[in-house]
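**Q** Build me a structure from this.
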Amino acid sequence: MTAAPEPGAGAGETDLADVKRRTWLAAERTWLAWWRTGLGAAAVSIGVGRLLPGLTGGALWPLRLLGLGYGVVAIAVLVIGAVRQNQVAAALRRQGAALLVDATHSAGVLPCDVAALDPDFLIFPTYKWLLGPYGRAFLYVAKRHHGGLPLEQTAYGRRAISSERAPYLADTAFVGDARRFDMGERDHFISMEMASIGMEMMADWGAEPIAARLGALTERLAQQLGDAARAGRISFPASKVRSPHILSLGFPGGVPKGLTEGLAAQKIYVAPRLGRLRVSPHVYNDDADIDRFARALLGAIR
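**A** Model prediction:
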């Protein structure tokens, strides 16, 4: 990514520090940043209001009052973030900018209503939550962009190009819908069929019961880790402020060295993410899986 030269800068020169600053500021204005701040405040609320009183042995009401304050801040930030997301989308449209939604961790579990949000583009892979293969991703393109120029110039993105009939280049104009943006080698039949079956299965079950099932699994895990959380050996957001399908675990000093490798040796696979552990069960997991993971994790951090 490059930036336009600032006034007075030489032609072709780029202020790399300014590029970094602008990129950082843009990232901090995303909806995800609001959620991160809200969940962080919620974690502090739990720590101050529930854990510290038992550890310090001092007066309870000041810490619980402070914890309640952080809880109010957390709720306020999450609500403001949701409002701001809609405001940002509206502002982008007024300025002629495009709204791109990364639905990687939403599609299949959380609502993705393109009619309500009206994004310019929404993209998601199938391997995360749609029971599909690697190498397959899908892009929603709003109708107002169907006249755009695709990155890949494919035969099936044109009206009539075929090596099986003459003339070969019968009509080189682009097709009139989002198919013009299809990737090269789109018709890889094995992975396309796998992706299709996964998405159809998830759509048939519905996002709401899937979210409820996964929420029950993550809540079951949270309950089994409750004593460790109260002892300060582990932390995680309260159920009311987290997504139903992901439980993010924190540890004093970050993820213990060798933890993920030790779990993997027991055929338990979790993802370390920036000092935390992401636990993301899916519909193929059951209560026994959660119980086995809890026992292994608690045994490892004892």
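**Q** hey, where'd the helices end up in the stretch 151-300 of the chain?
**A** Using DSSP state H, counting those that start in this stretch, the helices of the stretch 151-300 of the chain run over 189-205, 207-224, 226-230, 259-265, 287-300.
**Q** Mind putting those helices into a markdown table with mean neighbour count and mean pLDDT?
**A** All C-beta spots, glycine's among them, are computed from the backbone N, C-alpha and C. Below are the helices of the stretch 151-300 of the chain laid out as a markdown table (neighbours: other CB atoms under 10 Å; pLDDT from 0 to 100):
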| stretch | mean neighbour count | mean pLDDT |
| --- | --- | --- |
| helix 189-205 | 14 | 92 |
| helix 207-224 | 17 | 93 |
| helix 226-230 | 15 | 94 |
| helix 259-265 | 14 | 93 |
| helix 287-300 | 15 | 95 |
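**Q** ok, residues contacting stretch 148-162?
**A** For stretch 148-162, contacts defined as CB atoms under 8 Å, 6 or more residues apart in numbering pick out 141, 163, 168-175, 179-184, 186-187.
**Q** Swap in 6 Å and give it another go.
**A** Outside stretch 148-162, the residues within contact range by CB atoms under 6 Å, 6 or more residues apart in numbering are 169-175, 180-181, 184.
**Q** What helix or strand is C112 located in?
**A** Taking DSSP states H and E as the definition, one finds C112 inside no helix or strand.
**Q** wait, it sits on S106?
**A** Yes: using CB atoms under 6 Å, C112 makes contact with S106 at a distance of 5.4 Å.
**Q** Near S106, how many residues? Count them for me, please.
**A** Here the number of neighbours of S106 (other CB atoms under 10 Å) works out to 18.
**Q** quick one: it is in a helix?
**A** No: S106 sits outside any helix when classified using DSSP: H, G, I helix; E, B strand; the rest coil, being coil.
**Q** if I pick it, what's in contact with it?
**A** By CB under 6 Å, 6+ apart, the residues touching S106 are C112.
**Q** Check A41 too.
**A** Counted by CB under 6 Å, 6+ apart, A41 has contacts 70, 73-74.
**Q** again, only this time at 8 Å
**A** A41 sits next to 70-71, 73-74, 77 when contact means CB under 8 Å, 6+ apart.
**Q** Dump those into a markdown table; add distance to R158, secondary structure and pLDDT as well.
**A** As requested, those are exported to a markdown table (distance: CB to CB, whole Å; DSSP: H, G, I helix; E, B strand; the rest coil; pLDDT from 0 to 100):
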| residue | distance to R158 | secondary structure | pLDDT |
| --- | --- | --- | --- |
| Y70 | 58 | helix | 78 |
| G71 | 57 | helix | 78 |
| V73 | 55 | helix | 81 |
| A74 | 52 | helix | 79 |
| V77 | 49 | helix | 77 |
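**Q** so can I have a markdown table of these showing distance to A264 and neighbour count?
**A** Converted to a markdown table, these look like this (distance: CB to CB, whole Å; neighbours: other CB atoms under 10 Å):
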| residue | distance to A264 | neighbour count |
| --- | --- | --- |
| Y70 | 35 | 19 |
| G71 | 36 | 20 |
| V73 | 37 | 17 |
| A74 | 33 | 24 |
| V77 | 35 | 22 |
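**Q** which non-adjacent residue is nearest the most centrally placed residue in the chain?
**A** Geometric centre of the chain, nearest residue: H105, 3.6 Å, by CA atoms, centre = their mean. Closest residue to H105 apart from its sequence neighbours, by CB to CB, 6 or more residues apart in numbering: K128 at 6.3 Å.
**Q** Next: I301.
**A** Using CB to CB, 6+ apart and skipping residues adjacent in sequence, the residue nearest I301 is R233, 5.6 Å away.
**Q** burial count for the one you found?
**A** Residues lying near R233 (other CB under 10 Å) number 15.
**Q** same thing with D177?
**A** With other CB under 10 Å as criterion, D177 counts 10.
**Q** Spit out the contact partners of the nearest residue to it once chain neighbours are set aside.
**A** Leaving aside its sequence neighbours, D177 sits nearest to H146 (CB to CB, 6+ apart; 5.5 Å). For H146, the contact set (CB under 8 Å, 6+ apart) comprises 176-178, 180.
**Q** Now for these: which two are most distant?
**A** Largest separation among the contacts of H146 by CB to CB: G176 and A178, giving 9.5 Å.
**Q** circling back to that earlier point, make TSV from the helices of the stretch 151-300 of the chain and add distance to L122 to it.
**A** Formatted as TSV, the helices of the stretch 151-300 of the chain follow (distance: least, CB to CB, whole Å):
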stretch	distance to L122
helix 189-205	14
helix 207-224	15
helix 226-230	36
helix 259-265	32
helix 287-300	31
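**Q** looking at the ones you listed, which is closest to L247?
**A** Proximity to L247 (CB to CB) singles out helix 207-224 among those, at 4.3 Å.
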